[in-house]
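Only the shape, not the letters, is given here:
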């Protein structure tokens, strides 16, 4: 009886990001490939338009290259990367060398009315996935400050303007008084904005931060930090928590970034 063929070795891909938001993939493929494709599939979706196929062309001996320019739409989500070579089945890619230096402190022009961000990263299983964000408009958080039992946030809007009446809304998730909204004024300077959250006004629970750049009844824009090379900020960016007294009793409060890199606040009860 013929033993089963060993599984094909994973294909390794180097990734380079550019300041416009595009990505280049260099795949190590030494076999005779013929026509080849790099395939991105959006996770948890079976829709036909949630697969993006890019031609892999010879770039050097044993290497194939595909380009994902910023002009190619990549809806928000997590996109698993595969390569199909030698007319075979798509094979999962694993990350090689990743160069994302151009993404650090990136400042998009915002002329297209949206911000597109693509960050390749290694999954827990060691595979290559691209995290994509597409925000229109976008409110990028910058420096966070901590003083006097509160949080100070500086940020910038893209794809829109700050108008008179612009403000921030803290919206409670279930458990913090569902439907509760705290409105905060912002100091605006062209596209820059700033505001302070006093912790002693908040009930225990989780609070999400939103900006209304045009005031009422304009659109709500989620505050997030996207314009760098960190795909998952939650375990990387940690911040101090402050203990304050509220009408609900003593609490500890502090900011964090969610799994989607959106800015939120956690308020927890403490024993007096």
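Perfect, I can see it now. No experiment lies behind these values; they were computed from the predicted model shown.

my guess is residue 37 meets residue 54, correct?
Yes. Using C-beta atoms under 8 Å, residue 37 and residue 54 qualify as a contacting pair, with a distance of 6.7 Å. In this view, the C-beta of every residue, glycine as well, is placed from N, C-alpha and C.

Please enumerate the shared neighbours of the two.
By the contact definition C-beta atoms under 8 Å, 6 or more residues apart in numbering, residue 37 and residue 54 are jointly contacted by residue 66.

Can you read off the pLDDT for residue 178?
pLDDT, residue 178: 55.

Could you do residue 272 as well?
66.

Please apply the same query to residue 7.
Note for residue 7: predicted pLDDT of 57.

Kindly report the same for the one 4 residues further on.
Each residue has a pLDDT score; the one for residue 11 is 89.

do the one 10 residues further on as well
Reading off the confidence values, residue 21 has pLDDT 84.

Now for the residue nearest to it when sequence neighbours are not counted: which residues touch it?
The spatial neighbour of residue 21 that comes closest, neighbours along the chain excluded (C-beta to C-beta, 6 or more residues apart in numbering), is residue 70 at 3.8 Å. Applying C-beta under 8 Å, 6+ apart, one finds that residue 70 lies in contact with 18, 20, 21, 22, 116.

Just the buried ones from those residues?
When the contacts of residue 70 are checked for burial by 16 or more other C-beta atoms under 10 Å, the buried set is 18, 21, 22, 116.

in which helix or strand would I find the last one?
Here residue 116 sits within strand 115-122, counting by DSSP states H and E.

That strand pairs with which strands, parallel or anti?
Using DSSP bridges, strand 115-122 pairs in its sheet with strand 128-135 (antiparallel).

relative to strand 115-122, how tilted is the helix or strand following the partner strand?
Past strand 128-135, heading to the C-terminal end, the next element that is a helix or strand (DSSP H and E) is strand 138-147. For strand 138-147 against strand 115-122, the angle by axes from the mean of the first three to the mean of the last three C-alpha atoms, to 10 degrees is 70 degrees.

what's the offset of strand 138-147 from the middle of its chain?
Per C-alpha atoms, centre = their mean, to the nearest Å, the displacement of strand 138-147 from the mean C-alpha position of its chain is 15 Å.

and that strand, what does it pack onto?
strand 150-158, strand 221-224 (3 or more C-beta pairs under 8 Å, 6 or more residues apart in numbering; DSSP states H and E).

So for it, mean pLDDT?
Averaged over strand 138-147, pLDDT sits at 94.

Residues touching it, excluding its own?
Strand 138-147 is contacted from outside by 110, 114-115, 151-159, 193, 211, 213, 221-227, 239-240, 242, 255, 263, using C-beta under 8 Å, 6+ apart.

Sheet-wise, list the partners of it with their directions.
In the sheet containing strand 138-147, its partner strands are strand 150-158 (antiparallel), strand 221-224 (parallel), by DSSP bridges.

For the ones you listed, give me TSV that also has mean neighbour count, mean pLDDT and distance to residue 122.
What follows is the strands paired with strand 138-147, written out as TSV (neighbours: other C-beta atoms under 10 Å; pLDDT from 0 to 100; distance: least, C-beta to C-beta, whole Å):
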stretch	mean neighbour count	mean pLDDT	distance to residue 122
strand 150-158	20	96	28
strand 221-224	21	97	22
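
Looking at the ones you listed, which is nearest to residue 27?
Among the strands paired with strand 138-147, the nearest to residue 27 by C-beta to C-beta is strand 221-224 (30.8 Å).

what's in contact with the closest one?
Residues from elsewhere that reach strand 221-224, judged by C-beta under 8 Å, 6+ apart: 133, 135, 137-141, 153, 155, 157, 160, 168, 208-213, 257, 260-263.

Figure out which of the strands paired with strand 138-147 is closest to residue 271.
Taking C-beta to C-beta as the criterion, residue 271 comes closest to strand 150-158 out of the strands paired with strand 138-147, the separation being 22.2 Å.

how far is that closest one from where the chain is centred?
Averaged over its C-alpha atoms, strand 150-158 has a centre that lies 17 Å from its chain's centre (C-alpha atoms, centre = their mean).

What helices and strands are in contact with the lowest-mean-pLDDT helix or strand in the chain?
The helix or strand of the chain with the poorest confidence is strand 57-60; it has a mean of 88 (mean pLDDT, DSSP states H and E). With contacts defined as 3+ C-beta pairs under 8 Å, 6+ apart, strand 57-60 has these neighbours: strand 63-68.
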